[in-house]
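Engineer: Give me a model of this one.
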Amino acid sequence: ATSAEEIWKKLSERYEGKGKQTIAYLIGELFRGTLSDESAMETQLNTMRQKAYVLKSLGQPLDDSLVAIAMVISLPPSYSILR
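Structural biologist: Next up, the predicted model:
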């Protein structure tokens, strides 16, 4: 690896996995997860944004509006007024 791009590509393939299973898993995590009142909401939302970023790096970008929808439907019952 001679360039930063080549190094990033090798690291991504090695540690993030590449393939339909990883993409399906991450999409499932985004849309089936439920956030908790017991942890900081900002941290949990950042984790969701990170999954969206990994999807983009794997060649499966999600529109920002879809990520926002995933966040809203994942909110705990205490945030039901926002749904």
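Engineer: CA atoms for contacts and neighbours, from now on please.
Structural biologist: Fine.
Engineer: so where do the helices sit in this structure?
Structural biologist: Assigned by DSSP state H, the helices in the chain fall at 4-15, 20-32, 41-57, 64-74.
Engineer: now the second one and helix 64-74, what's the angle there?
Structural biologist: The one in question is helix 20-32. In terms of direction (axes from the mean of the first three to the mean of the last three CA atoms, to 10 degrees), helix 20-32 departs from helix 64-74 by 60 degrees.
Engineer: Burial check on Q50, number of neighbours?
Structural biologist: Look at Q50: counted by other CA atoms under 10 Å, it has 12 neighbours.
Engineer: Reformat the helices of the chain as TSV; add mean pLDDT and distance to S80.
Structural biologist: Converted to TSV, those look like this (pLDDT from 0 to 100; distance: least, CA to CA, whole Å):
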stretch	mean pLDDT	distance to S80
helix 4-15	75	36
helix 20-32	91	16
helix 41-57	94	14
helix 64-74	95	9
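Engineer: In a markdown table, list those helices along with distance to I81.
Structural biologist: Shown next, in a markdown table, are those (distance: least, CA to CA, whole Å):
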| stretch | distance to I81 |
| --- | --- |
| helix 4-15 | 39 |
| helix 20-32 | 19 |
| helix 41-57 | 16 |
| helix 64-74 | 10 |
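Engineer: can you tell which of those helices is closest to L82?
Structural biologist: When the helices of the chain are compared by CA to CA, helix 64-74 sits nearest L82, at 7.3 Å.
Engineer: quick check: angle from the closest one to helix 41-57?
Structural biologist: Between the axes of helix 64-74 and helix 41-57, defined by the same axes, to 10 degrees, the angle is 140 degrees.
Engineer: The residue positioned nearest the centre of the chain: what's it in contact with?
Structural biologist: Geometric centre of the chain, nearest residue: K51, 1.8 Å, by CA atoms, centre = their mean. Residues near K51 by CA atoms under 8 Å, 6 or more residues apart in numbering: 26, 30.
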